[in-house]
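I'll drop the sequence and a predicted model, then ask my questions.
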Amino acid sequence: MSDTGPPREANSREEQLRALASRLGVAFHDLGLLDRALTHASIACEDTSAGENYESLEFIGDAALSLAVAHALFEHAPDRTPGEYSRMRAAVVNRRSLARTADKLALSDAIRLGKGEEQAGGRNRQALLEDCLEALIGALYLDQGWAAVRAFVNRVFADQFSRAKDLDTTWDFKSRLQHYCQARRLALPEFILVRSHGPDHRKEFEVEVRLRGAPSGRGVGASKKAAEQSAAKQALIRERQLPEDRSA
């Protein structure tokens, strides 16, 4: 009896995609979009039936991911400066972070590659993993819309959001204090070196910051810049722009 059903290879690919979607916690209405998001251009040279590749989906996914991350950071840490938000977003969506997330989701197992790209180790290339993750997000946006993308990004990047929020290097207290003054039409803060002491290799600096013509905070550090940041932080606490128990 002849086999009139769908080709076994097609069934196998569909099963693979459904298993991946289940593992990702996303029920795609159109599995073809997910398939396309995980199809590299190199396979078209060897299989004319492979269909479209991920490149245009990556373009949409990059934009959707950027907005979803910006939205999440705004909710996690409201009232930051644009510069702070930009640094936080860069910490979440840099190439290494995206590739690590794609690896955690085991996307590489489902990527379709041409034989040449496969033999060249393309499946494990960081850039390919990043591209496919962005394409997957683009596919999800087209399949289910913005709300689904936001939910997926919030879940998948939860750890990165926490790290970005807690990293001290993310927060530029001096810039934030200046932004606070500008937003309220106050004179810019004045930083005054109060004292410095100790040998050159272990010098300590103390800086006072003045707002509205009055002392608003003092900070100590191993450099003048560090002392200014500490003083700015104290001023932000005093202005109720930071909680008192926030780490330096």
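Ah, there it is.

Touching stretch 228-246 from outside, list them.
By CB atoms under 8 Å, 6 or more residues apart in numbering, the surrounding residues in contact with stretch 228-246 are 79, 172-174, 176-177, 180, 189, 191, 207-209, 211, 216-221, 248. C-beta coordinates here come from the backbone N, C-alpha and C atoms, glycine included.

Out of the residues you listed, name the ones that lie in helices.
When DSSP state H defines the helices, the subset of the contacts of stretch 228-246 inside them is 173-174, 176-177, 180.

By mean pLDDT, flag the weakest helix or strand of this protein.
Of all helical and strand segments in the chain, the minimum by mean pLDDT, DSSP states H and E falls on helix 158-166, at a mean of 77.

how about the CA coordinates for that helix, as CSV?
In CSV, the C-alpha atoms belonging to helix 158-166 read as follows (Å, rounded to 0.1, in the frame of the first residue of the first chain):
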residue,chain,number,x,y,z
ALA,A,158,14.2,37.8,34.2
ASP,A,159,17.7,37.1,35.5
GLN,A,160,19.3,39.7,33.3
PHE,A,161,16.7,42.4,34.4
SER,A,162,17.6,41.7,38.0
ARG,A,163,21.3,42.0,37.4
ALA,A,164,21.0,45.1,35.3
LYS,A,165,18.9,46.7,38.1
ASP,A,166,21.3,45.8,40.9
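
In it, which residues are buried?
Along helix 158-166, these residues count as buried under the neighbour rule (16 or more other CB atoms under 10 Å): 160-161, 164.

what domains does the record give for the protein?
8-167, 172-238 (automatic domain parsing).

least reliable of the ones you listed going by mean pLDDT?
Among these, domain 8-167 carries the lowest mean pLDDT, a mean of 88.

tell me the contacts of the most centrally placed residue in the chain?
The centre of the chain sits closest to Val92, judged by CA atoms, centre = their mean, with a distance of 2.3 Å. When contacts are counted by CB under 8 Å, 6+ apart, Val92 touches 69, 73, 157, 160-161, 164.

Can you tell me which of the residues you listed is nearest Ala37?
Phe157 (17.5 Å; CB to CB).

Name the helix or strand for the residue nearest to that closest one when sequence neighbours are not counted, please.
Counting by CB to CB, 6 or more residues apart in numbering, Phe157 lies nearest to Val92, which is 5.9 Å off, once chain neighbours are set aside. Per DSSP states H and E: Val92 is located in helix 82-93.

what inclination does the next helix or strand after that helix have with respect to helix 82-93?
Heading C-terminal from helix 82-93, the first helix or strand you meet, by DSSP H and E, is helix 95-104. Interaxial angle of helix 95-104 relative to helix 82-93 (axes from the mean of the first three to the mean of the last three CA atoms, to 10 degrees): 40 degrees.

what angle separates helix 95-104 from helix 158-166?
Going by the same axes, to 10 degrees, helix 95-104 makes 150 degrees with helix 158-166.

downstream neighbour of helix 95-104 in the secondary structure list?
Using DSSP H and E, the first helix or strand after helix 95-104 is helix 115-119.

Show me which residues of the helix or strand encompassing Ala227 are buried.
Element membership for Ala227, per DSSP H and E: helix 224-238. Buried residues in helix 224-238, counted by 16+ other CB under 10 Å: 226-237.

Would you agree Arg36 is in contact with Ala139?
Yes - counting by CB atoms under 8 Å, Arg36 does reach Ala139; the two are 6.7 Å apart.
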